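Chemist: Predicted model and sequence below, questions to follow.
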Amino acid sequence: MHETNRMSYSAMLLMPDDFDVDLYDSICASITKRGQYHHRADSHFAYAWKAIAYRFRAMAECDEDFTDSFPKRLSLPIEERFAERYRQEKAVFGFFANGISSIECFFYAAYCFACIVNPNGFPLTDSQDLKFTPLSAYKKFATHLRGDGLTSEMECCLRDPKYREAREMRDVLMHRGALPRTVRLESGQPDLVAIPENPKDLSDDWRYKIELRADFTMTRRQWLSDTLAHLLARTSEYCRRNFDTYA
């Protein structure tokens, strides 16, 4: 179990111990120092950066709620299991919605701090310029910052099968419904619960290959924490080259 006891002074929020508060806050300080002369880009950066912390903590709370709830289903009377199932579904929805949002907010923030350095390459001249996705933001970095460590880390994130799985889960939960479950009972063993690995396909083609266990969100939280840590580390390097030497 992670402790939520580290204060981020950028977000003014206590954060879990698997979120690098020091790096997160130092990046914000570096960018804000120069961003004060680029009000529009700095304003959009600021609310995106704050949301990274908000979404990460919300994701972490949903992870802990699911991890606590899932084992209880075996010991509850039948009439109480439906309420516990609701608790699990609420936690899974919040986990993927907030987890993917933290990644998307990072890419949004990255576009905005790149605009401070290169406003022609990363324009923010009207509201249409704000309509980009993580992929289109990455493509801007690939065009104007090819070979940069941050660009490479962005590509690794977007190509990662775990990112694609999480994004697909978020999309299905957000726009289609709750993930279906199958339960296999074996004598003397806990029931085995599974969800489809391809929930966007037709129901006849669903493959129930993802086992639903108490660590279902925990392992994916570890991936998200590691991914954000790598993105923050490369962002810190970018800041040292582009912001920290700014007078």
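Modeler: Thanks, I have it.

Chemist: from here on, contacts and neighbour counts on C-alpha atoms
Modeler: Noted.

Chemist: Just after the helix ranked longest in the chain, pick out the following helix or strand.
Modeler: Ranked by residue count under DSSP state H, the longest helix found in the chain is helix 78-117. Remark: after helix 78-117, the chain's next helix or strand is helix 134-144, criterion DSSP states H and E.

Chemist: Report the mean per-residue pLDDT for that next one.
Modeler: For helix 134-144, mean pLDDT is 97.

Chemist: Counting by contacts, list what that helix packs against.
Modeler: With contacts defined as 3 or more CA pairs under 8 Å, 6 or more residues apart in numbering; DSSP states H and E, helix 134-144 has these neighbours: helix 78-117, helix 149-159.

Chemist: Would you tell me which of those helices gets closest to D18?
Modeler: With CA to CA as the criterion, D18 lies closest to helix 78-117 of the helices and strands packed on helix 134-144, at 13.6 Å.

Chemist: And the longest helix of the chain, how far out from the chain middle?
Modeler: Mean C-alpha position of helix 78-117 versus that of the full chain (CA atoms, centre = their mean, to the nearest Å) differs by 6 Å.

Chemist: again with stretch 160-175
Modeler: Taking CA atoms, centre = their mean, the mean C-alpha location of stretch 160-175 is offset from the chain mean by 11 Å.

Chemist: Start the count at 56 instead of 1 going forward.
Modeler: Yep, numbering from 56; the last one is stretch 215-230 now.

Chemist: so what's A108 up against?
Modeler: Neighbour list for A108: A66, L68, M70, S157 [criterion: CA atoms under 8 Å, 6 or more residues apart in numbering].

Chemist: are any of those residues buried, and which?
Modeler: By neighbour count, with 16 or more other CA atoms under 10 Å, the contacts of A108 hold A66, L68, M70, S157 as buried.

Chemist: circling back: nearest to A221, out of the helices and strands packed on helix 189-199?
Modeler: For A221, the closest of the helices and strands packed on helix 189-199 is helix 133-172, at 6.3 Å, according to CA to CA.

Chemist: Now for the residue nearest to R262 when sequence neighbours are not counted: which residues touch it?
Modeler: Closest residue to R262 apart from its sequence neighbours, by CA to CA, 6 or more residues apart in numbering: P251 at 5.0 Å. Going by CA under 8 Å, 6+ apart, P251 touches L234, P235, R236, W261, R262, Y263, K264, I265.

Chemist: What count of nearby residues applies to E58?
Modeler: Other residues lying near E58 total 10 when counted by other CA atoms under 10 Å.

Chemist: Can you find the helix or strand in the protein with the smallest mean pLDDT?
Modeler: strand 237-239 (a mean of 85; mean pLDDT, DSSP states H and E).
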